[in-house]
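**Student:** Provide a 3D model corresponding to the input given below.
(chains A and B)
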Amino acid sequence: MKPAPFEYIRPQSLAEACVLLAGDEDARAIAGGQTLVPMLAMRLARPTKLIDIMRLPELAGIRPEGDALVVGATTRQVVADQDPLVHAQVPALARVLPWVGHPPTRNRGTVGGSIANADPSAEIPLVAVTLGAEIMLATPDGPSSMPADDFFIGPMLTTIAPGECVSAVKFPVWRHERIGVGFFEVSARKSDFAFASALAQVALDEDGCCVNIVLGVGGVGDRALRLDVSPLLGTRLDAASVTEAVHAVASEMDASSDLHASASYRRRVAITLARRAIEQARTEAGTRPLKGAA
Amino acid sequence: MKVELRVNGVSRTADVEPRKTLLDTLRENFLLNGAHAGCEHGVCGACTVLVDGEPVRSCLMFAVQADGYEITTIEGLAPAPGELSVIQDAFCETHGLQCGYCTPGMILSAHALLQHTQTPSREEIVEAISGNICRCTGYGQIVEAVQFAADRLQKSNVLRPKHLRPGHPGAGHDGPEEGILEPAETDAPTEIVR
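**Tutor:** Sure thing, here's the model as predicted:
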């Protein structure tokens, strides 16, 4: 349970980090290390170099940018969880953060680290995929970005290339008056890997009709999936329409089997959780004050 | 690699391999054996220490990553040799430990919680120790111990460091330098709300 030897380097700038990462394909970036260090300890990963990006100023901070909230890659999960901007502008992220690991791992684990790690059952990638976030990358040729949908390609697999590193996640901010979020997950114990999870965010108009809705499920397939529930736009999100829309889109989705849960169990649970998440989001949005109200 | 760490308020240096965890460095280089090595891959919480006042797994952090942070181990909580902090004492009073392997981690997690919250709810306590596994007690007495400690700290004359954010150099102590509890009326266990 001790890691194999590696070289430890703490670069002074993001550009230097990218050069180091590009120069050695067995080099790995480390930030909070809450997943990487156990993998090193079990020797599932044996990098030659660890490039510590945790203290790079370019990767820190949470800032609004147009219709988005940019969360720096090394923002610790506990910091994001306590951030008023995150709560006000990306309520879906605020909702799932208490479900990420447990307090001691959230104290070190980072938002960008969870994205780069791409665990199929992880909550932060689920938010990124569901909301359609943009993954900001630092590359040796300068900054670039890619939609979360294209970034995650499989279990612990992303399209990130050697020499690149996640620099921030750009979460879209909804400007509607009445927004609600719903989130549920099923796991063996709280903070463990979810067998299935579902996240919904809805916006309602003054009459309670749905004007925007997104739905995502995690833990079911080899990565978080965004499900198209656009038929629900314009409805009042009544139980029958929600059930029909969720079944239509989720019954055939890819699911994986393992020791913990079969594919059909995962699919069944995901459908139920998705229904509940939409219902919870609708209820939450419905309790928001209308424009002009106090 | 040379590392310089602040441990329990004292600057210490060690020459370690980059792959040496903070846990092993604390135990082997500084002989602070209170942080226990359990699973060594971040599951059990026996190795919990405070980094800038927040509980962190010392097996998931390399010593070379830890310079510049204020690290507090269980040894840093007791006000003096042979004495116990309020939380440590509460664990004894309520039989919050049996084999004791998880206890330093439990106490440090509880300590961090009680720095933030004076009157934690049962749910907050359970959440705070959710990353620490105990295989003896069934957790009942541990939750009780934290409630008891919270109650004692509230009734005591300890200067509650409310203004202290995690990260403040003094955040790792409930010892006498900040004022210690007056035991008079708080000595007898009070009724604990479950």
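
**Student:** break the chain into its domains for me.
**Tutor:** Unless you meant another one, I'm taking chain A. A:7-52, A:57-172, A:178-286 (automatic domain parsing).

**Student:** hm, I was asking about chain B
**Tutor:** If you go by automatic domain parsing, chain B breaks into B:2-76, B:86-186.

**Student:** which among the domains of chain A is found nearest to B:Leu153?
**Tutor:** domain A:57-172 (19.6 Å; C-beta to C-beta). Using the backbone N, CA and C atoms, a C-beta is placed for each residue, glycine as well.

**Student:** from the middle of its chain, how far away would the closest one be?
**Tutor:** Distance of domain A:57-172 from the chain centroid (C-alpha atoms, centre = their mean, to the nearest Å) equals 6 Å.

**Student:** first-to-last residue distance for it?
**Tutor:** 23 Å (C-alpha to C-alpha, to the nearest Å).

**Student:** ok, that domain near chain B or not?
**Tutor:** Yes. Contact of domain A:57-172 with chain B (C-beta under 8 Å from any C-beta of the partner chain) involves A:78, A:101-105, A:107-108.

**Student:** any chance of the domains of chain A in JSON lines with mean pLDDT, distance to B:Val64 and mean neighbour count as columns?
**Tutor:** Below are these laid out as JSON lines (pLDDT from 0 to 100; distance: least, C-beta to C-beta, whole Å; neighbours: other C-beta atoms under 10 Å in any protein chain shown):
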{"stretch": "domain A:7-52", "mean pLDDT": "96", "distance to B:Val64": "5", "mean neighbour count": "19"}
{"stretch": "domain A:57-172", "mean pLDDT": "96", "distance to B:Val64": "15", "mean neighbour count": "21"}
{"stretch": "domain A:178-286", "mean pLDDT": "95", "distance to B:Val64": "28", "mean neighbour count": "20"}
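
**Student:** in TSV, list these along with distance to B:Thr25.
**Tutor:** Listed next are these as TSV, based on distance: least, C-beta to C-beta, whole Å:
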stretch	distance to B:Thr25
domain A:7-52	13
domain A:57-172	16
domain A:178-286	27
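
**Student:** out of the ones you listed, which comes closest to B:Gln154?
**Tutor:** Of all these, domain A:57-172 comes closest under C-beta to C-beta, at 21.9 Å.

**Student:** which helix of the chain spans the most residues?
**Tutor:** Because you didn't say which chain, this covers chain A. helix A:263-286 (DSSP state H).

**Student:** wrong one, chain B
**Tutor:** Longest helix in chain B, counting by DSSP H: helix B:140-155.

**Student:** I'd say A:Ile179 and A:Arg288 touch.
**Tutor:** Yes. Counting by C-beta atoms under 8 Å, A:Arg288 is a contact partner of A:Ile179 at 7.0 Å.

**Student:** by mean pLDDT, show me the worst of the domains of chain B.
**Tutor:** Of all those, the minimum mean pLDDT falls on domain B:86-186 (a mean of 81).

**Student:** can it be found next to chain A?
**Tutor:** Yes. Among the residues of domain B:86-186, B:109, B:127-128, B:130-131 lie within reach of chain A under C-beta under 8 Å from any C-beta.

**Student:** dump these into a markdown table; add neighbour count and secondary structure as well.
**Tutor:** Formatted as a markdown table, those follow (neighbours: other C-beta atoms under 10 Å in any protein chain shown; DSSP: H, G, I helix; E, B strand; the rest coil):
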| residue | neighbour count | secondary structure |
| --- | --- | --- |
| B:Ser109 | 29 | helix |
| B:Glu127 | 18 | helix |
| B:Ala128 | 25 | helix |
| B:Ser130 | 18 | coil |
| B:Gly131 | 24 | coil |
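
**Student:** gap between the nearest residue to A:Asp83 once chain neighbours are set aside and B:Lys20?
**Tutor:** Spatially, and ignoring its direct neighbours in sequence, A:Asp83 is nearest to A:Ile62 (5.5 Å; C-beta to C-beta, 6 or more residues apart in numbering or on different chains). Per C-beta to C-beta, to the nearest Å, A:Ile62 is found 33 Å from B:Lys20.

**Student:** and A:Ala94, helix, strand or coil?
**Tutor:** Classification of A:Ala94 by DSSP: H, G, I helix; E, B strand; the rest coil places it in helix.

**Student:** give me every residue that touches it.
**Tutor:** Counting by C-beta atoms under 8 Å, 6 or more residues apart in numbering or on different chains, A:Ala94 makes contact with A:80-81, A:86-87.

**Student:** ok, B:Ala66 touching B:Val49?
**Tutor:** No. Counting by C-beta under 8 Å, B:Ala66 does not reach B:Val49; the two are 9.4 Å apart.

**Student:** common neighbours of these two, please.
**Tutor:** With C-beta under 8 Å, 6+ apart as the test, B:Ala66 and B:Val49 both reach B:Leu22.

**Student:** distance between stretch A:166-177 and the chain's centre?
**Tutor:** The answer for stretch A:166-177 is 12 Å, by C-alpha atoms, centre = their mean.

**Student:** need the distance between the two termini of that stretch.
**Tutor:** End to end - C-alpha to C-alpha - stretch A:166-177 spans 32 Å.

**Student:** how about stretch A:98-109?
**Tutor:** Span of stretch A:98-109 from end to end, C-alpha to C-alpha: 12 Å.

**Student:** tell me where chain B has helices.
**Tutor:** B:22-24, B:86-93, B:103-116, B:122-128, B:140-155.

**Student:** whoops, the stretch 51-200 of chain A was the one
**Tutor:** Ranges of helices within the stretch 51-200 of chain A are A:77-81, A:84-89, A:91-96, A:103-106, A:111-117, A:123-131, A:148-151, based on DSSP state H, counting those that start in this stretch.

**Student:** so which of the ones you listed is nearest A:Gln201?
**Tutor:** Among the helices of the stretch 51-200 of chain A, if distance is taken as C-beta to C-beta, the winner is helix A:91-96, at 5.1 Å.

**Student:** please save the CA atoms from the closest one in PDB.
**Tutor:** C-alpha atoms of helix A:91-96 as PDB (Å, rounded to 0.1, in the frame of the first residue of the first chain):
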ATOM      1  CA  PRO A  91     -27.900  25.500  -7.700                       C
ATOM      2  CA  ALA A  92     -27.400  22.100  -9.200                       C
ATOM      3  CA  LEU A  93     -23.700  22.100  -8.300                       C
ATOM      4  CA  ALA A  94     -24.500  23.300  -4.800                       C
ATOM      5  CA  ARG A  95     -27.100  20.500  -4.400                       C
ATOM      6  CA  VAL A  96     -24.800  17.700  -5.300                       C
END
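
**Student:** hmm, B:Arg122 is touching B:Val143, no?
**Tutor:** Yes. Taking contacts as C-beta under 8 Å, B:Arg122 lies within contact range of B:Val143: 6.4 Å.

**Student:** who's more crowded, these two?
**Tutor:** Using other C-beta atoms under 10 Å in any protein chain shown, the more surrounded residue of B:Arg122 and B:Val143 is B:Val143, with 22 against 13.

**Student:** on that earlier part again, which of the residues of domain B:86-186 next to chain A lies closest to B:Gly82?
**Tutor:** So of those, ranked by how close each gets to B:Gly82 (C-beta to C-beta), first place is B:Ser109, at 23.8 Å.

**Student:** how much space is there between B:Phe91 and chain A?
**Tutor:** 19 Å (C-beta to the nearest C-beta, to the nearest Å).

**Student:** strands of the chain, start to end?
**Tutor:** In the absence of a named chain, this looks at chain A. A:7-9, A:27-30, A:49-52, A:62-65, A:68-72, A:134-139, A:142-147, A:152-154, A:157-158, A:165-172, A:178-187, A:194-204, A:210-218, A:225-227 (DSSP state E).

**Student:** try again with chain B
**Tutor:** With DSSP E as the criterion, chain B has strands spanning B:2-7, B:10-15, B:48-51, B:54-57, B:70-72.
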